[in-house]
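Colleague: Here you go, sequence then predicted model.
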Amino acid sequence: MVELLEIAPFDQLLSHFRFFLTLRSQEGHYRSLILFRLSTGQAISKDGQANGEEKPEPGLLATESDPSYQLNTNSKQLYAMEASCPHLGADLSHAEIEECDNSVVAVCPWHRYDFDLRTGKSETGLKACTYAVHVNLDSKAVELVSIKAPEEGSGWRLVELRPISEEFADPPPTSSPRAKDENDFRNESAPPVEDEPVVPLDNPPKTLMQWAVLILNTPNPTLKVERTKHAVYLFRTGKLSSIGHKTASAPSPPDLPPRDASWTRNLKADPSQVRNRKNRAVMLHALANIEQWAIDLAWDIMARFGPSHPNIPSAFFHDFTKMALDEAKHFSLLTSRLSAISPSTPYGSMPVHASLWESASTTAHSIRARLAIIHLVHEARGLDVNPGTIDRFRRAGDLDTVKVMEVIHADEVTHVTSGHRWFMWICEQQGINHDDGGVIRAFREEVRKGWRGEVKGPFNVEARETAGMTRGFYEDLRGELGINQDGNPKESQEERTLVRDSVGAPGKALADIPVEYEKGS
Ligand code: FES
């Protein structure tokens, strides 16, 4: 009996030619796939969107060698293949598609091995995993697209269906961060970067790890965003020599990413003194600050823990480079909205805090702790509070910001999913069993050690569940960080020292910041 996993009505797949799918089994295993919908000759717009409804050639490739032949009575030229190249793990999202003789192949961007979209076979002898795609009519005559579920595991479900833009076909600017390309999501009102190129002239990074450390050491947020875009472009298109996490010479990330002087000055101000916290400009400024830290957190987890886990699959780097790019996009969208509604208070003009990095410091010793505290507590809290924040902007009539926040919220569900995926992975490496509740116990133990106080609700149960976090993870959960055995707060809060000393002794201001991912509150 073939187990089919429903993906979407076919009509919903006409907007793009490729989709990234994330599947999760009830045992907590993940699979990342690319669903390819082949063009039939119409023009492709610059952002990868189809210009109107196409007319696919019926039945093409539905031959007896097609594994979907038995059930696929209405071929739409849809193919599903695992997202990581079986050679060295490149992301196949941006693979070229070539038609040759009787087959269609995906050409890996890293070393140009090609893989037959139907069989997964390559002339090199390697084989990519492919999944038969079916199109069936439901009771209302809607064409539903499904794929054959992976054989290992059970109860597979689709947790992410993301259109893949073709924007990476256009290289981003390399000479100056002020250059423009039409896919640019940079904030035009952001402060200029003084003559510092996106790619350093001296000793330009060659590996993903070198880019990660360069970006972490980039104080200017605009340049950080540009470098993030450029590094992810190089990584996805095979223009880096390697990820670089397996070499002894992988560079070390900084203990604390530096910030511009103006930002440091504002860190010394007390954010709790900001009047009218419900003010939209104040909220946008605070959210942009969180996103700037989030860019660093995505690069830091790769640079800090990649070298100490040389066996980590390349999908880890795909997930976290995607996260870094998302956070860069969020930062740009939020600062654009800030300058639109309040030109007199650009980003960097208000007091900010570094509480997110405080948790980064306290979890710098362990990838398991980092994933638990940053991605499954802080970011999961974002899922809880985002709907309320969106509501506030809607009530204020600021529908442009509502749209921005909806994009951010959807992206963040995928970030928590990534946190869950790699938390499951590290637990498996450590022999922790999912079936007997071991993973949840391990998570709760990390929170007990690495979190201060109650993990607060109310919870967005649905979004958390989509991301893999069932109630057992977070209900009735309390952290004991900074608490003595007698239950009283520790006198010296040594876990804060690093951030405080490095940034310039914000002292009381930092200590007064609640350690939460309370977006917009
Ligand atoms: S051919 Fe894909 S990683 Fe080498």
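Modeller: Now that the structure is in, tell me what you want to look at.
Colleague: ok, and residue 340, which helix or strand is that part of?
Modeller: Assessed by DSSP states H and E, residue 340 sits inside helix 314-341.
Colleague: For that helix, buried residues please.
Modeller: Within helix 314-341, the residues that qualify as buried are 314-339, 341, counting by 16 or more other C-beta atoms under 10 Å. Bear in mind the C-beta positions are built from the backbone N, C-alpha and C, glycine included.
Colleague: Likewise for stretch 31-39?
Modeller: Result for stretch 31-39 [16+ other C-beta under 10 Å]: buried residues 31-38.
Colleague: Redo those residues as JSON lines? Include pLDDT and distance to residue 82.
Modeller: Converted to JSON lines, these look like this (pLDDT from 0 to 100; distance: C-beta to C-beta, whole Å):
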{"residue": "31", "pLDDT": "96", "distance to residue 82": "7"}
{"residue": "32", "pLDDT": "96", "distance to residue 82": "7"}
{"residue": "33", "pLDDT": "97", "distance to residue 82": "6"}
{"residue": "34", "pLDDT": "97", "distance to residue 82": "8"}
{"residue": "35", "pLDDT": "96", "distance to residue 82": "11"}
{"residue": "36", "pLDDT": "95", "distance to residue 82": "12"}
{"residue": "37", "pLDDT": "91", "distance to residue 82": "17"}
{"residue": "38", "pLDDT": "86", "distance to residue 82": "18"}
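Colleague: CA atoms only: put stretch 86-97 into PDB for me.
Modeller: C-alpha atoms of stretch 86-97 as PDB (Å, rounded to 0.1, in the frame of the first residue of the first chain):
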ATOM      1  CA  PRO A  86      24.200  13.000  -2.500                       C
ATOM      2  CA  HIS A  87      27.700  13.900  -3.400                       C
ATOM      3  CA  LEU A  88      28.800  16.500  -0.800                       C
ATOM      4  CA  GLY A  89      25.400  17.800   0.200                       C
ATOM      5  CA  ALA A  90      24.800  21.000  -1.800                       C
ATOM      6  CA  ASP A  91      21.400  22.500  -1.700                       C
ATOM      7  CA  LEU A  92      19.600  21.600  -4.900                       C
ATOM      8  CA  SER A  93      17.100  24.400  -4.700                       C
ATOM      9  CA  HIS A  94      18.900  26.300  -7.400                       C
ATOM     10  CA  ALA A  95      20.000  23.400  -9.500                       C
ATOM     11  CA  GLU A  96      19.800  23.900 -13.200                       C
ATOM     12  CA  ILE A  97      17.300  21.800 -15.100                       C
END
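Colleague: Do any residues in it lie close to the ligand?
Modeller: Yes. Applying C-beta under 6 Å from any ligand atom, one finds stretch 86-97 touching the ligand at 87-90.
Colleague: closest to residue 355 among the buried residues of stretch 31-39?
Modeller: residue 32 (31.8 Å; C-beta to C-beta).
Colleague: tell me the SS of that closest one?
Modeller: Of the three states, residue 32 takes strand under DSSP: H, G, I helix; E, B strand; the rest coil.
Colleague: Make sure residue 448 is actually in contact with residue 476.
Modeller: No. Between residue 448 and residue 476 there is no contact under C-beta atoms under 8 Å: 12.0 Å.
Colleague: Of these two, give the one with the bigger neighbour count.
Modeller: residue 448 (14 against 9; other C-beta atoms under 10 Å).
Colleague: residues contacting the closest residue to the ligand within the stretch 301-450 of the chain?
Modeller: For the stretch 301-450 of the chain, the residue closest to the ligand is residue 314, as judged by C-beta to the nearest ligand atom, at 8.1 Å. The contact partners of residue 314, taken as C-beta atoms under 8 Å, 6 or more residues apart in numbering, are 84, 88-91, 243.
Colleague: how does it look with 6 Å?
Modeller: By C-beta atoms under 6 Å, 6 or more residues apart in numbering, the residues touching residue 314 are 84, 89.
Colleague: and if you look at residue 104?
Modeller: By C-beta under 6 Å, 6+ apart, the contact set of residue 104 is residue 117.
Colleague: low-scoring stretches of the stretch 1-150 of the chain, by residue?
Modeller: Along the stretch 1-150 of the chain, the parts satisfying pLDDT under 70 run over 1, 39-75.
Colleague: The residue nearest to residue 25 when sequence neighbours are not counted: neighbour count?
Modeller: Nearest in space to residue 25, with sequence neighbours left out and distances taken as C-beta to C-beta, 6 or more residues apart in numbering, is residue 153 at 3.3 Å. Residue 153: 16 surrounding residues under other C-beta under 10 Å.
Colleague: Up against the ligand, what does the stretch 1-150 of the chain have?
Modeller: 85, 87-90, 108, 110-111, 113.
Colleague: For these, which single residue is the most surrounded?
Modeller: residue 108 (26 neighbours).
Colleague: That one contacts residue 85, doesn't it?
Modeller: Yes. Between residue 108 and residue 85 there is a contact under C-beta atoms under 6 Å: 4.5 Å.
Colleague: tell me the contacts of residue 221?
Modeller: Counting by C-beta under 6 Å, 6+ apart, the residues that residue 221 touches are residue 292.
Colleague: From the ligand, how far out is it?
Modeller: Remark: distance between residue 221 and the ligand (C-beta to the nearest ligand atom, to the nearest Å) = 33 Å.
Colleague: could you pull out the strands for the protein?
Modeller: For the chain, the strands defined by DSSP state E cover 4-9, 18-24, 30-37, 78-82, 96-100, 103-107, 114-116, 130-131, 133-137, 143-148, 157-163, 452-454, 478-480.
Colleague: and of the buried residues of stretch 31-39, the nearest to residue 231?
Modeller: residue 32 (20.3 Å).
Colleague: List the residues that contact the closest one.
Modeller: By C-beta under 6 Å, 6+ apart, the neighbours of residue 32 are 22, 83, 315.
Colleague: Output the set of residues of the stretch 151-300 of the chain in proximity to the ligand.
Modeller: Counting by C-beta under 6 Å from any ligand atom, no residue of the stretch 151-300 of the chain is near the ligand.
Colleague: where in the stretch 151-300 of the chain is pLDDT low?
Modeller: The model of the stretch 151-300 of the chain has pLDDT under 70 over residues 166-194, 265-278.
Colleague: Looking at it, what residue ends up closest to the ligand?
Modeller: Closest residue of the stretch 151-300 of the chain to the ligand, C-beta to the nearest ligand atom: residue 238 (7.8 Å).
Colleague: And for that residue, the neighbour number?
Modeller: Residue 238 sits with 17 neighbouring residues when counted by other C-beta under 10 Å.
Colleague: Then residue 208?
Modeller: When neighbours are counted by other C-beta under 10 Å, residue 208 comes out with 27.
Colleague: Without its sequence neighbours, what residue ends up closest to the residue nearest the centre of the chain?
Modeller: Central residue of the chain (C-alpha atoms, centre = their mean): residue 323, 2.4 Å from the mean position. In space, and not counting its chain neighbours, residue 323 is closest to residue 298: 4.3 Å by C-beta to C-beta, 6+ apart.
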